[in-house]
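K.L.:
Next one to model:
(one chain, ligands or ions: 1)
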Amino acid sequence: MTENEILEVFRDNSALLEGHFILSSGLHSDRYIQCALVLQHPRVAEQLGSELAAKLRDLGASVVAAPALGGILVAHEVARALGVRAIFTERQDGAMTLRRGFSLAAGEPTLVVEDVLTTGLSTRETIQCVEQAGAKVVGAGALIDRSGGTADLGLPRAALLSLQIQNYNPADCPLCKSGSPAVKPGSRTKK
Ligand SMILES: [Zn+2]
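P.N.:
Next up is the predicted model:
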């Protein structure tokens, strides 16, 4: 799939919104991505996972790990395409941890994926968690890299779509200055 075709899939599912949004980080932005709206369609999820897997296949991973919740379906579909297993990390008392009996072999080649890479923070936390478990992270992937490729993970990485989306501190958000109300996507607040 080309980047335009990927973009179309997101637009068709109202998964890429334009307006004035409050991100979970508290920053404001003029665009918002909600991957769950795309991933709710298993065939589309499978196709996107397979596209991302193709870009990461040569790294030779035998497991795909992702941060819960957003990354779980992405890891599942990338792992399906690669024929390997998928696991996820989750927060416990603020720290990313491997629970549910998931284990990694010493030095096991692992991919870390998520739905949207914004600053790379949750990917970095997942990488750290996987490495603490003794595995070796060989690469990272995301359906969408909204840092425009600027988040450095020090690893081979791939995304289906790279978008340069501006984030603003509320104090100097030009959209706020223009008087438009900011909305939290996913909430029922109407614009
Ligand atoms: Zn604003």
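
K.L.:
Point out the residues in this protein that sit beside the ion.
P.N.:
For the chain, the residues in contact with the ion (Cβ under 5 Å from the ion) are 28, 173, 175-176, 182. Bear in mind the C-beta positions are built from the backbone N, C-alpha and C, glycine included.

K.L.:
run the last query once more with 6 Å
P.N.:
Counting by Cβ under 6 Å from the ion, the residues of the chain close to the ion are 20, 28, 168, 170, 173, 175-176, 182.

K.L.:
how close does V64 sit to V130?
P.N.:
Using Cβ to Cβ, to the nearest Å, we find V64 at a distance of 10 Å from V130.

K.L.:
Quick check: A105 vs V63, distance?
P.N.:
Where V63 is concerned, A105 sits at a distance of 9 Å (Cβ to Cβ).

K.L.:
what about those two, which has more around it?
P.N.:
Taking neighbours as other Cβ atoms under 10 Å, A105 and V63 compare with V63 leading, 22 against 13.

K.L.:
Next, the contact list for that one, please.
P.N.:
Residues near V63 by Cβ atoms under 8 Å, 6 or more residues apart in numbering: 79, 84-87, 104, 108-111, 135.

K.L.:
cool, and G70?
P.N.:
By Cβ under 8 Å, 6+ apart, G70 lies in contact with 35-36, 114-116.

K.L.:
if you set the cut-off to 6 Å instead, what comes out?
P.N.:
D115 (Cβ atoms under 6 Å, 6 or more residues apart in numbering).

K.L.:
Quick check: it is in a helix.
P.N.:
No: according to DSSP: H, G, I helix; E, B strand; the rest coil, G70 belongs to no helix; its state is coil.

K.L.:
Angles on the backbone of it, please.
P.N.:
Main-chain dihedrals, G70, degrees, to the nearest 10: phi -60, psi -30.

K.L.:
How much space separates it from I33?
P.N.:
The gap separating G70 from I33 is 10 Å, by Cβ to Cβ.

K.L.:
Regarding the chain, what is its longest helix?
P.N.:
For the chain, the helix with the greatest residue count under DSSP state H is helix 42-56.

K.L.:
What residues sit buried inside that helix?
P.N.:
Neighbour-count burial for helix 42-56 flags 44-49, 51-53, 55-56 (criterion: 16 or more other Cβ atoms under 10 Å).
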